[in-house]
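Participant: make a model of this:
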Amino acid sequence: MAELRYKIEEGALTPSYQSTGSAGMDVRAHLDESTVIKPGRIALIPTGLYLEIPSGYEVQVRSRSGLALKHGIMVLNSPGTIDSDYRGEVKVILINLSDEDFVINNNDRIAQLVLTRYEKAELVRCEELSDTERGSGGFGSTGV
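Facilitator: Got it, this is the predicted structure:
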């Protein structure tokens, strides 16, 4: 298990896994007052959380499925990436895709965080790429 160091502002809540099989830990809003996200609008929601992510890892910020299904609230750049050298406050970009205002209150669970290992690529320029059965087919080329 990788160690994920953090600090948190006074009154903010530590992210937590909601079940033993959860890949993502829920992160909560840290607000002085409730925020309304109008239909079709975007909001940047603070969490009061600061991370020290190990080198070779990122933290992905993902939508919570219940908020997406029941309220049309999603992480706009899902999955968002928090890089290992970032030390600022974790803030979540939410969008309201519903037809109704959505109210976010202090300590509401707004997104989930997933610690993910990655590998950097070494780019090697070449004149030709190897052939495959698929070739350059994309955007639905394999059917519906």
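
Participant: can I get the CA coordinates of the top strand by length along the chain in PDB?
Facilitator: Taking DSSP state E as the criterion, the chain has its longest strand at strand 42-52. This file holds the C-alpha atoms of strand 42-52, laid out as PDB (Å, rounded to 0.1, in the frame of the first residue of the first chain):
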ATOM      1  CA  ILE A  42     -19.200  25.300 -13.600                       C
ATOM      2  CA  ALA A  43     -17.900  25.800 -10.000                       C
ATOM      3  CA  LEU A  44     -14.500  25.400  -8.400                       C
ATOM      4  CA  ILE A  45     -15.100  23.800  -5.000                       C
ATOM      5  CA  PRO A  46     -12.400  23.900  -2.300                       C
ATOM      6  CA  THR A  47     -11.700  20.900  -0.100                       C
ATOM      7  CA  GLY A  48      -9.300  22.200   2.500                       C
ATOM      8  CA  LEU A  49      -7.000  19.300   1.600                       C
ATOM      9  CA  TYR A  50      -3.300  19.400   0.600                       C
ATOM     10  CA  LEU A  51      -1.500  16.300  -0.700                       C
ATOM     11  CA  GLU A  52       2.100  15.000  -0.900                       C
END
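
Participant: which residue is nearest the centroid of the protein?
Facilitator: Computing the C-alpha centroid of the chain and ranking residues by C-alpha atoms, centre = their mean puts V61 first, at 1.2 Å.

Participant: I73 versus that one, what's the distance?
Facilitator: With distances taken as C-beta to C-beta, to the nearest Å, V61 is found 13 Å from I73. Where you see a C-beta, it was placed from the backbone N, CA and C, and this is true even at glycine.

Participant: surely R28 meets E9?
Facilitator: No. R28 is beyond contact range of E9, at 11.6 Å (criterion: C-beta atoms under 8 Å).
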